[in-house]
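Student: okay, sequence plus prediction incoming.
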Amino acid sequence: MTHHTKAINSFLDYVKVQLPIIQAPMAGVQDSKLAIAVCQAGGLGSLPGALLSLQKIESEIASIRKLTDAPFNVNFFAHQQPDYTQAMQEKWFNTLQPYYQEFGLTQDEIATAGGRQPFTHEQAALLADLKVPVVSFHFGLPDKALLNIVKKSGAIVISSATTPAEARWLQANGADMIIAQGLEAGGHRGMFLSQDVTLQAGTFSLLPNIIRSVSLPVIAAGGISDNATAQAAFAMGASAVQVGTAFLLADECDTKDFHRKALQSARAEHTALTNVFSGGLARGIVNRFMQETGYISDSAPPFPHASFVSNPIKAKAESMGSDEFSSLWAGQNARLAKSGTADKIIQDLLGY
């Protein structure tokens, strides 16, 4: 690697991995299989824990440890759970009612509980008990008491910043490393101090500004899908890169067939930020649902509650073979993604 700098070496020594690459945790499209493959290849594999039961988290961690003794990361959401009112649900249902009619759905199909939950005391205790080496958060950090449980167990704590202000906040509140999540990144934005989209910057503007703002190691994420983009991040001082979309076509990823097909088509050239799936801003491949609702809808309840009303439409459309109502999460460089083993994808990315 041409830019094998001090920053990279300190990351490798600190996390105790061989390669400066983190596989982004991608809830809904992967399990421990992908994390294990990345760990075995020398990177930091990640398990998305936010949608899993405690039993499932425990069994997935056992699977990882059975097949590798390398460090791994478990990821959770740290959002503040907003109030969810009947009025919010009504407003969103009224907006989406034409689709309920089109697909023959009724209001009875709307869930009222579940969805993406914030980090809990039980999860913190389990991670401490299992001595998980790296724990990452999206949407800030959990409250001090929970964070202390994780940190006292010896875990390295990582979280995403989408602005220099968020990076400074993370440093002041207990993060050990910071992911600079550029606007190109697929999936949910880690925004937590402000929902103002005009504050969001692309990776190669955000990265140097965050590096300048904090003294912690900074990991670059967003649009890093090949060797050239990885090298650019390292040249700018990134300690490591975090990669999501580039792994969506990996053999070990559970990406659905229609999602894989969309990623490998010209459609993947057009991604957009939208809140119509979950209520949180997230980047995915443009489809009918996003276009017709205007991408960002004022009627959508806050994250994660919009999914209660949008999920039945998604499920019905998918059962009929359509992905026009599915969250096809992908970053802006999705067209650079290649299929193959996770090991091969990492070798291509890092130029080995």
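Tutor: Received the coordinates, thanks.

Student: do a quick rundown of the strands in this structure.
Tutor: Here the chain has its strands, by DSSP state E, at 21-23, 45-48, 72-77, 134-138, 156-161, 177-181, 187-188, 218-221, 240-243, 271-274, 282-285.

Student: tell me the angle the third one makes with strand 134-138.
Tutor: The reference is to strand 72-77. Following axes from the mean of the first three to the mean of the last three C-alpha atoms, to 10 degrees, one obtains 30 degrees for the angle between strand 72-77 and strand 134-138.

Student: sheet partners, orientation included, of strand 72-77?
Tutor: Sheet neighbours of strand 72-77, with direction, are listed as strand 45-48 (parallel), strand 134-138 (parallel) (DSSP bridges).

Student: want to throw the ones you listed into JSON lines with distance to Ala235, mean pLDDT and mean neighbour count?
Tutor: To be clear about C-beta, it is placed using only N, CA and C from the backbone, and glycine gets the same treatment. Compiled in JSON lines, the strands paired with strand 72-77 are given as follows (distance: least, C-beta to C-beta, whole Å; pLDDT from 0 to 100; neighbours: other C-beta atoms under 10 Å):
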{"stretch": "strand 45-48", "distance to Ala235": "25", "mean pLDDT": "98", "mean neighbour count": "27"}
{"stretch": "strand 134-138", "distance to Ala235": "24", "mean pLDDT": "98", "mean neighbour count": "26"}
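
Student: let's have those in CSV, adding distance to Glu166.
Tutor: Shown next, in CSV, are those (distance: least, C-beta to C-beta, whole Å):
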stretch, distance to Glu166
strand 45-48, 20
strand 134-138, 12
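
Student: nearest to Gly244, of the ones you listed?
Tutor: The minimum distance between Gly244 and the strands paired with strand 72-77 falls on strand 45-48, with 9.4 Å, by C-beta to C-beta.

Student: may I see the buried residues of stretch 229-248?
Tutor: Buried positions in stretch 229-248, judged by neighbour count with 16 or more other C-beta atoms under 10 Å: 229-234, 236-248.

Student: ok, back up a step: would you turn the strands of the chain into TSV with distance to Phe303?
Tutor: Compiled in TSV, the strands of the chain are given as follows (distance: least, C-beta to C-beta, whole Å):
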stretch	distance to Phe303
strand 21-23	23
strand 45-48	16
strand 72-77	9
strand 134-138	11
strand 156-161	14
strand 177-181	15
strand 187-188	8
strand 218-221	19
strand 240-243	21
strand 271-274	12
strand 282-285	9
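
Student: wait, which of those strands is closest to Cys39?
Tutor: Across these, Cys39 has its closest neighbour in strand 45-48 (4.1 Å, C-beta to C-beta).

Student: show me what the closest one is in contact with.
Tutor: 22-28, 30-32, 34-39, 57, 60-61, 64, 68, 70, 72-75, 136 (C-beta atoms under 8 Å, 6 or more residues apart in numbering).

Student: before we move on, the earlier item: go through the strands of the chain and name the closest to Glu90.
Tutor: Going through the strands of the chain one by one, with C-beta to C-beta as the measure, strand 271-274 comes closest at 21.3 Å.

Student: what is the closest one packed up against?
Tutor: Using 3 or more C-beta pairs under 8 Å, 6 or more residues apart in numbering; DSSP states H and E as the contact criterion, the elements in contact with strand 271-274 are strand 282-285.

Student: from the chain's centre, how far out does the strand it packs on sit?
Tutor: Centroid displacement of strand 282-285 relative to its chain, using C-alpha atoms, centre = their mean, to the nearest Å, is 11 Å.

Student: what comes up buried for it?
Tutor: Ala282, Arg283, Gly284, Ile285.

Student: and the gap between Gly280 and Met191?
Tutor: Distance, Gly280 to Met191, by C-beta to C-beta, to the nearest Å: 8 Å.

Student: which residues do the two both contact?
Tutor: Residues touching both Gly280 and Met191 comprise Phe139, with contact defined as C-beta under 8 Å, 6+ apart.

Student: contacting residues around Pro71?
Tutor: Pro71 neighbours (C-beta under 8 Å, 6+ apart): Val15, Lys16, Val17, Cys39, Leu44, Pro133, Val134.

Student: contact partners for the first one?
Tutor: This means Val15. If a contact means C-beta under 8 Å, 6+ apart, then Val15 has Leu44, Pro71, Pro133, Val134, Ile156, Ala240 as its contacts.

Student: could these be laid out in JSON lines, adding distance to Gln81?
Tutor: Supplementary listing: the contacts of Val15 in JSON lines, determined by distance: C-beta to C-beta, whole Å:
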{"residue": "Leu44", "distance to Gln81": "28"}
{"residue": "Pro71", "distance to Gln81": "30"}
{"residue": "Pro133", "distance to Gln81": "28"}
{"residue": "Val134", "distance to Gln81": "25"}
{"residue": "Ile156", "distance to Gln81": "26"}
{"residue": "Ala240", "distance to Gln81": "31"}
